[in-house]
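1. Predicted model and sequence follow; I will ask about them next.
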Protein chains: 2
Amino acid sequence: MPAKKTSKEELTVKAMQLFRKKGYFNTSIKDLSEACNIPKSHFYYYFKGGKVDLMVEVLEAVRGYFTERVFPIATNVDLSNEEKWSKIAEKLQRIFLSQKGGCIMGLTTLEISNAPEKDVFLPIIQSYFSEMINCIEGIYTGQPNSRELATRAVQDIQGGLMLMQLYGDSSYFLSALERSHPNKQGI
Amino acid sequence: MPAKKTSKEELTVKAMQLFRKKGYFNTSIKDLSEACNIPKSHFYYYFKGGKVDLMVEVLEAVRGYFTERVFPIATNVDLSNEEKWSKIAEKLQRIFLSQKGGCIMGLTTLEISNAPEKDVFLPIIQSYFSEMINCIEGIYTGQPNSRELATRAVQDIQGGLMLMQLYGDSSYFLSALERSHPNKQGI
DNA sequence: GTCTATAGCTGGATAGAC
DNA sequence: GTCTATCCAGCTATAGAC
């Protein structure tokens, strides 16, 4: 395992934590370098395109994590829909409650959607949310309007993450998870 | 009507539009001054506390608008719950679809909730969302769990505004409004 | 690959003329 | 009240030694 690869991954993880907490525009390369105990210029060695390049790497890493570790749960044929959901809900709780800060995808969307960087960042985030909606839709099999229910679940969760940040109270997020349980989707 | 008051209001409105589109950290005093065709220093005459002070004024103006013009619809005794909701939904559509940009309250929450400015900004936004939840709860009278349903509606709408920004498609927001109709809250 | 040093610019904010 | 001029801190990014 080459040292380069390891270091770049470490920087990406640290950057993710900071972007998630403080947002893209309010996180400076100086903040990052101090959090990593390296000189600022080191970032420009690994991320030739500067801050934008770094953010792309971060967003793709987050999306990749969900694509590989979270969303595939929905296609596991050995699990019932209830089991799939409880496993996914557990993962989401670990991800969004384990550290301060909210959802980097939601925050970046709002920060960036009217800025020049949108052309680079938004496509990655769009894939992320499309995959998430598809994932949940797969768990709502049998419902005639499974697509709308899945979209609603994602919106509810995303709004819950926002109110969680606002009031410092995780119950908004947790309630959204409960409401999104496949057992509760009957109309 | 003194000239001072008028000018300050104009600056506040322009600032609101920019903050809503670009966010707090990515909007500079220079951006604002160019949008208003005045020198930068002019802002510091009206808003002694600088950018923070200006943002407080903006957030309070937005909150004030909803408190005076939107939320009172829910307590109008001449209207049925359906009528109340359709009037409120109409207002929300005018507010959130008439111009580019999303919800300044949601964006600011996520941008600021781990920054020093949170102590000044978040209380105003908290009042705004608490009033909104109360407002919708008042329309869900008769439902045993009206509070949870109202909270869900706010989260759904807020998530819808986010996906609207992300995909450039207002149907996420509009679907949330439809789902939040008091007629559809039976369990 | 990792560092120091610094360029070059833009940020928020202020002083002071008018 | 409104302007010009300016300060200084902070930013991204690069050059170049080691």
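-> Thanks, I have the structure now.
2. Count the neighbours of the closest residue to A:Ile104 other than its chain neighbours for me.
-> For A:Ile104, ignoring the flanking residues on the chain, the nearest one in space by C-beta to C-beta, 6 or more residues apart in numbering or on different chains is A:Arg20 at 4.1 Å. (C-beta placed from N, C-alpha, C; glycine too.) A count of nearby residues for A:Arg20, using other C-beta atoms under 10 Å in any protein chain shown, gives 22.
3. Let me know the helix or strand that A:Arg20 is in.
-> According to DSSP states H and E, A:Arg20 maps onto helix A:3-22.
4. so does that helix get close to DNA strand D?
-> No - between helix A:3-22 and DNA strand D, judged by C-beta under 7 Å from any atom of the strand, nothing touches; the nearest distance is 10.3 Å.
5. And that helix, what does it pack against?
-> When contacts are defined as 3 or more C-beta pairs under 8 Å, 6 or more residues apart in numbering or on different chains; DSSP states H and E, helix A:3-22 sits against helix A:29-36, helix A:41-46, helix A:50-65, helix A:104-112.
6. As JSON lines, those helices with mean pLDDT, mean neighbour count and distance to A:Gln158 would be great.
-> Shown next, in JSON lines, are these (pLDDT from 0 to 100; neighbours: other C-beta atoms under 10 Å in any protein chain shown; distance: least, C-beta to C-beta, whole Å):
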{"stretch": "helix A:29-36", "mean pLDDT": "96", "mean neighbour count": "16", "distance to A:Gln158": "26"}
{"stretch": "helix A:41-46", "mean pLDDT": "96", "mean neighbour count": "15", "distance to A:Gln158": "30"}
{"stretch": "helix A:50-65", "mean pLDDT": "98", "mean neighbour count": "18", "distance to A:Gln158": "15"}
{"stretch": "helix A:104-112", "mean pLDDT": "98", "mean neighbour count": "25", "distance to A:Gln158": "5"}
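7. Same list (the ones you listed) but as JSON lines, adding distance to DNA strand C.
-> As requested, the helices and strands packed on helix A:3-22 are exported to JSON lines (distance: least, C-beta to the nearest atom of the strand, whole Å):
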{"stretch": "helix A:29-36", "distance to DNA strand C": "9"}
{"stretch": "helix A:41-46", "distance to DNA strand C": "3"}
{"stretch": "helix A:50-65", "distance to DNA strand C": "12"}
{"stretch": "helix A:104-112", "distance to DNA strand C": "15"}
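8. Turn the ones you listed into a markdown table, including distance to B:Ala89.
-> Formatted as a markdown table, the helices and strands packed on helix A:3-22 follow (distance: least, C-beta to C-beta, whole Å):
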| stretch | distance to B:Ala89 |
| --- | --- |
| helix A:29-36 | 41 |
| helix A:41-46 | 47 |
| helix A:50-65 | 33 |
| helix A:104-112 | 22 |
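9. what residues does chain A put near DNA strand D?
-> Close to DNA strand D, as judged by C-beta under 7 Å from any atom of the strand, chain A has residues A:Thr27, A:Ser28, A:Ile29, A:Lys30, A:Asp31, A:Lys40, A:Ser41, A:Tyr44, A:Gly50, A:Lys51, A:Val52.
10. again, only using 6 Å
-> A:Ser28, A:Ile29, A:Lys30, A:Lys40, A:Ser41, A:Tyr44, A:Gly50, A:Lys51 (C-beta under 6 Å from any atom of the strand).
11. A:Gly159 sits in which helix or strand?
-> For A:Gly159, the host element (DSSP H and E) is helix A:146-167.
12. I meant to write A:Ile124 there.
-> helix A:118-139.
13. Next, see if that helix gets close to chain B.
-> Yes - if you take C-beta under 8 Å from any C-beta of the partner chain as the test, helix A:118-139 does meet chain B, through A:Leu122, A:Ile125, A:Gln126, A:Phe129.
14. Tell me the one of those residues nearest A:Tyr172?
-> A:Phe129 (19.1 Å; C-beta to C-beta).
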